[in-house]
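Undergrad: Got a sequence here, can you model it:
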Amino acid sequence: MSGQLRSGIKKYFRFILIFFISFSATGLLYATGILKYLDKVIYDICVNNRVLKSSLTKTPLIAAIDLTDASIEDLGDSLDTRKAFSDIIDILAEVNASPALDFIFRNEKKDDASLLKSVSHAKNSVIAALAVDKKIVNAAYSPLNEQEQLLLQRHIWRINVMDKGSIPQAASFILPFPALLETAAQIAHINIEPDSDGVYRRTPLLYEWEDGYIPSLALAAAVLHYGISVETITLKAGSYLALPLSETEIIKIPVDTQGGMLIPYTDAWANDTKRISFSTVAQAAYDDSVFEKVHTGLSGRIALLSEISTSQKDYGPSSFEKLYPLSGIHAEVLSGILDGLEKRSFIGWASIQYKLLMLLVIICAVIFNFLRNREIFFHLGFLVIFVLICAVSILLWHMEAISPWLSFPLFLLFFFWLFEFLYRLFIRYREQLLLNNALSRYFPIALAQRIMREGKTELTPAFRELTILFSDISGFTKWSSDKLPKNVHDFLSDYLESMAEILFSYGGTVDKFMGDGILAFFGDPFDMPNQAEQCIKAAVAMQEKIRILAAKWKPLVDIDLKVRIGINTGKVIVGNLGHKTRIEYTVIGAAVNLAQRMESNAPVGGILVTSDVHEKVKDLFTFSEKQNINVKGYQETIDAYIIIPNS
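TA: A predicted model of the protein is given here:
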């Protein structure tokens, strides 16, 4: 099997493993609910932007009539006797408006005859009821009596069900008194439950009861307004609730498996200045001038009557306001349905097809990016994928009002990048560790790190001016000939380690150890303008350390430790030299040979340098008089100087 094939198979299995780990990590986060929470945060940001920064508003077909604290004070007993409600509904009937009352008239009162008469005259009157969910039913709720069951039957929707899903089921209802239940055009539920974090983001459109469904207040008002036959309505839970206006026009409301829709918020409650008070509309029944004012604001519209007094607890946090009246949710849902033929009237969910396509695109993009070896392209590739996913989600939100589905794909992408990056870091660390171990044999640690950091690891042979140092222990061969190998090893290890440490501390490069001899040079692999100075400082420090080592090892192994050191500066060839299976970082050239001759001619315990070295540092150190030395390979004598250490 070829090396390329093995490498390809390894990459393939590595991709499979990393993708499996990434998918598992993302799935674990999803199971903990963290990703769902993040999606809610992103959704809230989008809705906040939609409400506070866009030009979207509720449809003018809706008129909100509010029972405020001021209206309660103005109307007084007429509210308790429901006379005020009768007056308001009469006004609505007169201006051809359809009332939808977010009130449950639970108990019958003696003056309700006028209320019943007003409701019967009004067009498409919708009265509220409260569903008692089977999942939360308790002893506080009583079952419907036979009369209530019979009366409620006429308000049941029997629609075309393609997929029932898990529509919430009602065990019972809190209903208006029987006469009103019989008079109203439609009874509708007003149930709204917040998400697990307490924020109101969705609302159930239907409650299942017996062999049909009871609609929500907003849905019932919209269907009556359009005159849609209930039998033509189609439910496909997890997809849509279809309201056919004609053969070609169908309003499709996106719903989840429970028949809930995302609340299509358009206005902040604090910014809604088109609301009308109860007392104003009630006064219109007795004051023509007031009637003329409210006529324009109510004519032909759907009037939502609700209480927003401070005594009510029907407030909760929305995606953009901490206290939002729940009655406002009915208005927003109704507005979305009435404008349902427009693309952005509803907020939808990302479809299963979209999610699968997104995951497939991510996998393909990751595979392509996985093959990139250069780190910059690897990281940039993931960044581009990340930006594209966000851009597509933002575009779908702004163009189609599709709720962003970001947390799962982005975390899947993040984990894949993270685990692949950690793998690459591990490989690079292992390679650097091996190379550092090799380089640290030649260079000081700081210099080896600089070589790795700057990527100067090839060390291509070049012709450069360097300062070369040779050192050798005087009489070492004779001394070691009759000593125990362990003693020789222990001494030599201590000596060479001490010398290398000094050379490294002055920026030198150790070329090789030759038994007790050392070859080192200064000025490569990085330029060192003061290389000669640093080399002599290292040599002087070496002699000082040698005197300390001599005192240490004399009583241990009976060695009279003295070292000769020779130094020369000149042009040499330096770099990786050798065969492909055996490469050595070294220096060669006449200047190297001359440095070795300086060492062999140096006094025992002294440092001998050439005139080239002397010329560069003569003002920095103390030297002996010039000496003329005959060396092997040179016909003429060589000028040399002995360094005189400072006392």
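
Undergrad: List phi and psi for C364.
TA: Taking degrees, to the nearest 10, you get phi -60, psi -40 for the backbone angles of C364.

Undergrad: Tell me the pLDDT of it.
TA: Among the per-residue scores, C364 holds a pLDDT of 85.

Undergrad: same check, this time on K110
TA: At K110, the model reports a pLDDT of 79.

Undergrad: Convert the C-alpha atoms of the one helix or strand A113 maps to to CSV, please.
TA: Secondary structure assignment for A113, by DSSP states H and E: helix 112-121. The C-alpha trace of helix 112-121 is given here as CSV (Å, rounded to 0.1, in the frame of the first residue of the first chain):
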residue,chain,number,x,y,z
ASP,A,112,-78.1,40.4,31.4
ALA,A,113,-81.1,40.6,29.1
SER,A,114,-79.8,43.8,27.5
LEU,A,115,-76.3,42.2,27.1
LEU,A,116,-77.9,39.1,25.4
LYS,A,117,-79.9,41.4,23.1
SER,A,118,-76.8,43.4,22.2
VAL,A,119,-74.7,40.3,21.5
SER,A,120,-77.5,38.8,19.3
HIS,A,121,-77.6,42.1,17.2
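
Undergrad: If you count contacts, what does the following helix or strand past it end up packed against?
TA: Tracing the chain C-terminally past helix 112-121 and defining elements by DSSP H and E, one meets strand 126-133 next. Helices and strands touching strand 126-133, as assessed by 3 or more C-beta pairs under 8 Å, 6 or more residues apart in numbering; DSSP states H and E, comprise strand 98-101, strand 170-174, strand 186-189, strand 206-209, helix 217-226. Bear in mind the C-beta positions are built from the backbone N, C-alpha and C, glycine included.

Undergrad: relative to strand 126-133, how tilted is the helix holding A113?
TA: The directions of helix 112-121 and strand 126-133 differ by 100 degrees, with axes from the mean of the first three to the mean of the last three C-alpha atoms, to 10 degrees as the criterion.

Undergrad: In helix 112-121, which residues are buried?
TA: Along helix 112-121, the positions that meet the burial threshold by neighbour count (16 or more other C-beta atoms under 10 Å) are 112, 114-116, 118-119.

Undergrad: Equivalent analysis for stretch 93-104, please.
TA: 93-95, 97-104.

Undergrad: picking up where we left off before, if we take the buried residues of helix 112-121, which one ends up nearest to F320?
TA: Proximity to F320 was ranked across the buried residues of helix 112-121 by C-beta to C-beta; first place goes to V119, at 35.1 Å.

Undergrad: The closest one contacts A113, doesn't it?
TA: No. Assessed by C-beta atoms under 8 Å, V119 is found out of contact with A113, at 10.9 Å.

Undergrad: where does T586 land in three-state SS?
TA: State at T586, reduced to three classes by DSSP: H, G, I helix; E, B strand; the rest coil: strand.

Undergrad: tally of neighbours for the nearest residue to it once chain neighbours are set aside?
TA: For T586, the nearest residue in space outside its immediate sequence neighbours is D511; the separation is 5.3 Å by C-beta to C-beta, 6 or more residues apart in numbering. D511 has 20 neighbours, counted by other C-beta atoms under 10 Å.

Undergrad: repeat for H379
TA: 14.

Undergrad: Equivalent analysis for Q635, please.
TA: 5.

Undergrad: Next one: it relative to M598, how far apart?
TA: Summarising the geometry, the distance separating Q635 from M598, computed by C-beta to C-beta, to the nearest Å, is 17 Å.

Undergrad: And for M499?
TA: Where M598 is concerned, M499 sits at a distance of 17 Å (C-beta to C-beta).

Undergrad: picking that back up, got a list of contacts for the helix holding A113?
TA: 82-83, 85-87, 89-90, 93, 99, 105, 125, 127, 177, 179-180, 183-184 (C-beta atoms under 8 Å, 6 or more residues apart in numbering).

Undergrad: do stretch 173-182 as well
TA: Counting contacts by C-beta under 8 Å, 6+ apart, the residues outside stretch 173-182 that touch it are 104-108, 112, 115-116, 119, 127-132, 141, 144, 147-148, 151-152, 154-155, 184, 187, 189, 209, 214.

Undergrad: What residues sit buried inside it?
TA: Going by 16+ other C-beta under 10 Å, stretch 173-182 has these buried residues: 173-177, 179-182.

Undergrad: Kindly reformat those residues as TSV containing distance to I567 and pLDDT.
TA: TSV is the format used below for the buried residues of stretch 173-182 (distance: C-beta to C-beta, whole Å; pLDDT from 0 to 100):
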residue	distance to I567	pLDDT
F173	104	93
I174	103	92
L175	108	94
P176	109	94
F177	114	94
A179	118	94
L180	113	94
L181	112	93
E182	116	93
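
Undergrad: Going by distance to A551, which of the residues you listed wins?
TA: Lowest distance from A551 to the buried residues of stretch 173-182 (C-beta to C-beta) belongs to I174, with 102.5 Å.

Undergrad: Look up which residues are beta-bridged to that closest one.
TA: The bridge-partner assignment for I174, based on DSSP bridges, gives L130.

Undergrad: Buried residues of stretch 128-141, list them for me.
TA: Under the neighbour-count criterion of 16+ other C-beta under 10 Å, stretch 128-141 has 128-133 buried.

Undergrad: now swap in stretch 77-92 and tell me
TA: In stretch 77-92, the ones that count as buried by 16+ other C-beta under 10 Å are 78-79, 81-92.

Undergrad: Same list (those) but as JSON lines, adding secondary structure.
TA: Formatted as JSON lines, those follow (three-state DSSP):
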{"residue": "S78", "secondary structure": "helix"}
{"residue": "L79", "secondary structure": "helix"}
{"residue": "T81", "secondary structure": "coil"}
{"residue": "R82", "secondary structure": "coil"}
{"residue": "K83", "secondary structure": "helix"}
{"residue": "A84", "secondary structure": "helix"}
{"residue": "F85", "secondary structure": "helix"}
{"residue": "S86", "secondary structure": "helix"}
{"residue": "D87", "secondary structure": "helix"}
{"residue": "I88", "secondary structure": "helix"}
{"residue": "I89", "secondary structure": "helix"}
{"residue": "D90", "secondary structure": "helix"}
{"residue": "I91", "secondary structure": "helix"}
{"residue": "L92", "secondary structure": "helix"}
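
Undergrad: so which two of these are the farthest from each other?
TA: T81 and L92 (18.8 Å).

Undergrad: ok, the closest residue in space to L38 that isn't next to it in sequence - contacts?
TA: Once its chain neighbours are removed from consideration, L38 has its nearest residue in S407; the separation is 4.3 Å (C-beta to C-beta, 6+ apart). Residues in contact with S407 (C-beta under 8 Å, 6+ apart) are 30, 35-36, 38-39, 42.

Undergrad: same thing but 7 Å
TA: Shown here is S407, whose contacts under the criterion C-beta atoms under 7 Å, 6 or more residues apart in numbering are 35, 38-39.

Undergrad: List just the nearest of the residues you listed to F522.
TA: Proximity to F522 was ranked across those by C-beta to C-beta; first place goes to L38, at 57.9 Å.

Undergrad: For V384, see how far away the closest one is.
TA: Taking C-beta to C-beta as the measure, L38 and V384 are separated by 22 Å.

Undergrad: Please say which of these two ends up with more neighbours.
TA: Here L38 and V384 are compared on neighbour count by other C-beta under 10 Å; more neighbours surround L38, at 16 against 12.

Undergrad: any idea how far F414 is from the more buried one?
TA: When distance is defined by C-beta to C-beta, L38 is 12 Å away from F414.

Undergrad: Repeat that for A268.
TA: 34 Å.

Undergrad: What's the local residue count around the residue nearest to F382 when sequence neighbours are not counted?
TA: The spatially closest residue to F382, leaving aside those adjacent along the chain, is W417, at 4.5 Å (C-beta to C-beta, 6+ apart). W417 is surrounded by 21 other residues when neighbours are defined as other C-beta under 10 Å.

Undergrad: Might one say that W417 is in contact with V384?
TA: No. Under the contact definition of C-beta atoms under 7 Å, W417 does not touch V384, with a separation of 11.7 Å.

Undergrad: any residues in contact with both of those two?
TA: With contacts defined as C-beta under 7 Å, 6+ apart, no residue is adjacent to both W417 and V384.
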